[in-house]
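**Q** whatever this is, show me its structure:
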Amino acid sequence: MSVLLIDADDTLWENNIYFERAFDDFVSFLDHSTMTSAQVRDVLNEIELANAKVHGYGAKNFGRNLQEAYHHLAERHIRLDDLTHVLSLAERILEQPLQLIEDVEETLSQLSSRHDLTLFTKGNLEEQRLKVDRSGLGGYFQHTAIVKEKDAMAYRSWVVGKGIDTSDAWMIGNSPKSDINPALSVGLGAVLVPHPNTWVLERQELCTPEGCRFLQVERFTDLTNHF
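**A** Predicted coordinates:
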């Protein structure tokens, strides 16, 4: 029996597509006279990268980041109503229906009958707990870990705290930055399940040193061919 740590957002259910829609609405509202959507995105990326270290992730923090971007980029007098509207674009994310990725529940059912599953995710504690509850998937996991950042320290702390043998443990997810590279760096195996809408700040060149245990599958359901 292996220990499988499994990511949540954009691995088990759709997530970033809702943030992308909110960003598109923000660009339309900003209506900048010269900057393209990509240029606005670059500014927002810098803000998110800096603020994540302090405030973390999630829709509420995304709203704060959009407001900060609006302060930087707006070409008109900034009114309270404008900032309230910008914040509402992010708050709508929390109202979106939770959409499981195809065949996720059936796959978890099979995997949980053979392995010890841990849901290992990052983000706002309240928001992530709500998603887990709404997903109906919590029963497939022996443990749930919601951490501020999924870095090498977080993985090392979890496996040491649970007395897990890293030689028989794997991290599964869609993010090279948060799921694959840090897990491999502490001796876990890692499985990349690509998602077409992975957040740009989660993209990173894969670091797969010689001798590491790394797999890439096309779909989540393909995990049953390996575990």
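**Q** where along the protein do the strands fall?
**A** For the chain, the strands defined by DSSP state E cover 3-6, 116-122, 143-147, 169-173, 189-192, 214-216.
**Q** what segments of this structure are helices?
**A** Taking DSSP state H as the test, the helices found in the chain are 16-30, 37-55, 59-73, 80-91, 104-112, 125-135, 152-162, 181-185.
**Q** go through the ones you listed and name the closest to residue 199.
**A** With distances scored as Cβ to Cβ, the stretch of those nearest to residue 199 is helix 16-30 (4.9 Å). Heads up, the C-betas are built off the backbone N, CA and C, glycines and all.
**Q** pretty sure residue 190 contacts residue 178?
**A** No: with contact defined as Cβ atoms under 8 Å, residue 190 does not reach residue 178; the gap is 10.8 Å.
**Q** surely residue 45 meets residue 203?
**A** No: with contact defined as Cβ under 8 Å, residue 45 does not count as touching residue 203 (11.1 Å).
**Q** who has more neighbours out of these two?
**A** residue 45 (15 against 10; other Cβ atoms under 10 Å).
**Q** OK, contacts around that one?
**A** 200, 201 (Cβ atoms under 8 Å, 6 or more residues apart in numbering).
**Q** go on, the one 3 residues further on?
**A** Contacts were defined as Cβ under 8 Å, 6+ apart; by that measure residue 48 touches 62, 65, 201.
**Q** for the residue nearest to residue 149 when sequence neighbours are not counted, what are its contacts?
**A** Closest residue to residue 149 apart from its sequence neighbours, by Cβ to Cβ, 6 or more residues apart in numbering: residue 122 at 6.0 Å. Neighbouring residues of residue 122 by Cβ under 8 Å, 6+ apart: 56, 57, 128, 146, 147, 148, 149, 150, 154, 178.
**Q** residues of stretch 198-208 that come out buried?
**A** Applying a neighbour-count criterion of 16 or more other Cβ atoms under 10 Å, one finds 198, 199, 202, 208 buried in stretch 198-208.
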